[in-house]
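1. Attaching a predicted model along with its sequence, questions to come.
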Amino acid sequence: MADWAKIKFYWKSILGSQGSTLEASSTFERTSVSNISNMLETNLWQAAMSQGPHYIAFDSGAGNAYGADYLAVSGHNLFSADALVALQYSTDGASYADAFVPFTPASDRAFVKEFVNPGAFRYWRLVLEGTTVAPFIYICAWGEKTELDYASASFDPNEQEVKASVNLSHGGYLAGSHAKHTERSMTIRFDDADAALYAKVAEWWEWSRCGNFFIAWESSNHPDEVFLMRPEQRFSNPLKSGGAARDIVVSLTGRKE
């Protein structure tokens, strides 16, 4: 078994950056490729046809360039579509190189693919080849990950609660139930956190504003346990005596796929 990895947040995405554009090689009517960058689970991009290759091209704009070391996708059919997924980068928008060896996801659940950051480039593109049905994506991000630390206290990364309407009789007997969805929750503590760790968490919080992002609670031995989650509305991380450290608590929730 590999050594455990530190908790990682994947929230810094270059998609949607100021002055940038995002274009797809084909788009089915009533969908838009811009939908994949807003981190919402209620709208999507879908290709207009099954046959590829399909390209989602990012241009950061003249004078701008960005690096990346991860690709994250949620709400997709890339496994079912037999898609071979690649992420490529370019200096001129004509000649591209692969950021990693192309692969097919292991399921249609959320996934993150990490890779070595090749440097800052103006042009990037997501490539989907070999698709047997029209591919679709609700949320997609690529950029630079944020590695935090090991949690100070134990937590359950698979804690869940079924949101349901339950009817009971006067005698307490179950008369009926309707499950709406299952919600995942996670509470992570970092005790005696130094200024560097707090700066990472504070930067993420200021960006998130209770919006979705990707988290890997332990990517070495549980690489498939990547979740789309959002923070609770309260942010409170008190200073310790002397002011040199803080106790940080991050409470997260999200819909289980």
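-> Now that the structure is in, tell me what you want to look at.
2. contacts, neighbours, all on C-alpha from now
-> OK.
3. Who are the contact partners of residue 119?
-> 66, 67, 68 (C-alpha atoms under 8 Å, 6 or more residues apart in numbering).
4. tell me which element it falls in.
-> Secondary structure assignment for residue 119, by DSSP states H and E: no helix or strand.
5. That one and residue 25: what is the separation?
-> Using C-alpha to C-alpha, to the nearest Å, residue 119 is found at 25 Å from residue 25.
6. next one: residue 49
-> From residue 49 to residue 25 the distance is 10 Å (C-alpha to C-alpha).
7. Buried by neighbour count: which residues of the lowest-mean-pLDDT helix or strand in the chain qualify?
-> Every helix and strand of the chain was ranked by mean pLDDT, DSSP states H and E. The lowest is strand 160-168, at a mean of 86. Buried residues in strand 160-168, counted by 16 or more other C-alpha atoms under 10 Å: residue 160.
8. Return it as CSV; C-alpha atoms alone will do.
-> This file holds the C-alpha atoms of strand 160-168, laid out as CSV (Å, rounded to 0.1, in the frame of the first residue of the first chain):
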residue,chain,number,x,y,z
GLN,A,160,-24.1,10.0,3.9
GLU,A,161,-27.7,11.0,4.7
VAL,A,162,-30.7,10.1,2.6
LYS,A,163,-33.0,13.1,2.1
ALA,A,164,-36.4,11.6,2.1
SER,A,165,-40.1,12.2,2.9
VAL,A,166,-41.1,9.6,5.5
ASN,A,167,-44.7,9.1,6.7
LEU,A,168,-45.4,7.3,9.9
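9. so what strands line up beside the helix or strand just after that strand?
-> Of the helices and strands lying after strand 160-168 in sequence (DSSP H and E), the nearest is strand 174-193. As defined by DSSP bridges, the strand partners of strand 174-193 come to strand 160-168 (antiparallel), strand 246-255 (antiparallel).
10. pLDDT averaged over the last one - what is it?
-> For strand 246-255, mean pLDDT is 95.
11. Could you list the residues in contact with it?
-> Residues beyond strand 246-255 that count as contacts (C-alpha under 8 Å, 6+ apart) turn out to be 181-194, 198, 227-232, 235-240.
12. From the chain's centroid, how far away is it?
-> Its chain's C-alpha centre and that of strand 246-255 lie 16 Å apart, by C-alpha atoms, centre = their mean, to the nearest Å.
13. now could you export just the CA positions of it as PDB?
-> The C-alpha coordinates for strand 246-255 follow below in PDB (Å, rounded to 0.1, in the frame of the first residue of the first chain):
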ATOM      1  CA  ARG A 246      -5.000  28.300  14.100                       C
ATOM      2  CA  ASP A 247      -7.400  25.400  14.400                       C
ATOM      3  CA  ILE A 248      -9.100  25.100  11.000                       C
ATOM      4  CA  VAL A 249     -12.400  23.300  10.500                       C
ATOM      5  CA  VAL A 250     -13.700  22.700   7.000                       C
ATOM      6  CA  SER A 251     -17.300  21.300   6.700                       C
ATOM      7  CA  LEU A 252     -18.400  20.100   3.300                       C
ATOM      8  CA  THR A 253     -21.500  18.700   1.800                       C
ATOM      9  CA  GLY A 254     -22.600  17.600  -1.700                       C
ATOM     10  CA  ARG A 255     -24.900  15.300  -3.600                       C
END
